[in-house]
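1. Have a look; sequence and predicted model below, questions after that.
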Amino acid sequence: MLDPCYNIGMNTITPFTADDLDEICALEQACFSSPWSREILAAIIDSPHHHCFKLVCDANIAAYSVLEIEAAGKELPQWASIQNLAVASEFRRCGYGEILLAHMIELAQSLNVATIFLEVRTGNVAARALYEKHGFSAIGVRKDYYRFPTEDAIIMARSTKQGARSVSMVILAFETSCDETSVAVVEMSQEKRTVLANLVASQVTTHAQYGGVVPEIASRAHVEVISQLTYAALAKAKITIKDIDVVAVASHTGLIGAL
């Protein structure tokens, strides 16, 4: 496994601790329009899923980063997400952001992570260029994800295989907001989206006698068929649960009892 502490020239990368929170919070406030609170930063220091690093130059924290690594489920491979990467204004254009980024990628590789994800503002051209230089590709957009100002987020991903540049993301999606249970498998890449499977189990005949959809009945029917429908969708897509990168679900706009 990669040693979390090492020197680069006169600079040092080490995990940041509670003793660094004053400097980290100040850097967070200076770099982001919606900064993380001190409480959030303190919590992730103790989280087993977060790896928090600082790059120290001349006894000052020049940059810091947060990498989250977690398995999506018992049968799924580990994934990583770059949560934060910030460089103090007086230390920019020195390559420190790139050094921390490379450190996080190397750590993810050493822990057998399959894919690394991140989000970046659409207008942050410099950051997007840095990520692309290190093998990240745009695979999607989160509309109006950022605030102050409101702006879309570009979702980027990178395989941990050496030199890999093009990454596809396989999504297992569920829709149960009304009287139909739907399971889809979609493969997304920078170039295209491919629907590998899209199966629907309808409850039309079940609710016909009531003259409308009964949420409680719909909810029970979803539970009865969703497992079988999921296995059928995976079989049609010719993949296994281990190939899934992301799970998406309908969470609002529908019959509350059926969600």
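-> That came through, no problem.
2. Give the next helix or strand downstream of the helix or strand hosting residue 68.
-> Take DSSP states H and E as the rule and residue 68 turns out to sit in strand 60-71. For strand 60-71, the following helix or strand on the C-terminal side (DSSP H and E) is strand 78-87.
3. Helices of the protein, start to end?
-> In the chain, the segments counted as helices under DSSP state H are 21-31, 38-45, 96-110, 125-133, 204-208, 215-237.
4. one step back: which neighbours does the strand holding residue 68 have in its sheet, and in what orientation?
-> Sheet pairing of strand 60-71 (DSSP bridges) gives strand 50-57 (antiparallel), strand 78-87 (antiparallel).
5. Using CSV, list the CA coordinates for the longest one.
-> As requested, C-alpha coordinates have been extracted for strand 78-87 and formatted as CSV (Å, rounded to 0.1, in the frame of the first residue of the first chain):
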residue,chain,number,x,y,z
GLN,A,78,-14.5,-0.4,-4.4
TRP,A,79,-15.0,3.1,-6.0
ALA,A,80,-13.3,6.3,-5.1
SER,A,81,-14.5,9.9,-5.2
ILE,A,82,-12.4,13.0,-5.1
GLN,A,83,-14.4,15.2,-2.7
ASN,A,84,-12.1,18.2,-2.4
LEU,A,85,-8.9,19.5,-3.9
ALA,A,86,-7.9,23.1,-2.9
VAL,A,87,-4.7,25.1,-3.4
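6. Quick one: distance of it to the chain centre.
-> Here strand 78-87 is found 9 Å from its chain centre; the criterion is C-alpha atoms, centre = their mean, to the nearest Å.
7. per-residue confidence averaged over that strand?
-> For strand 78-87, mean pLDDT is 92.
8. what angle sits between it and helix 21-31?
-> Calculated by axes from the mean of the first three to the mean of the last three C-alpha atoms, to 10 degrees, strand 78-87 forms an angle of 80 degrees with helix 21-31.
9. Which residues does strand 78-87 contact?
-> For strand 78-87, contacts defined as C-beta atoms under 8 Å, 6 or more residues apart in numbering pick out 27-28, 31-32, 36, 44, 50, 62-72, 96-97, 100-101, 104, 108, 111-118, 127, 245. Heads up, the C-betas are built off the backbone N, CA and C, glycines and all.
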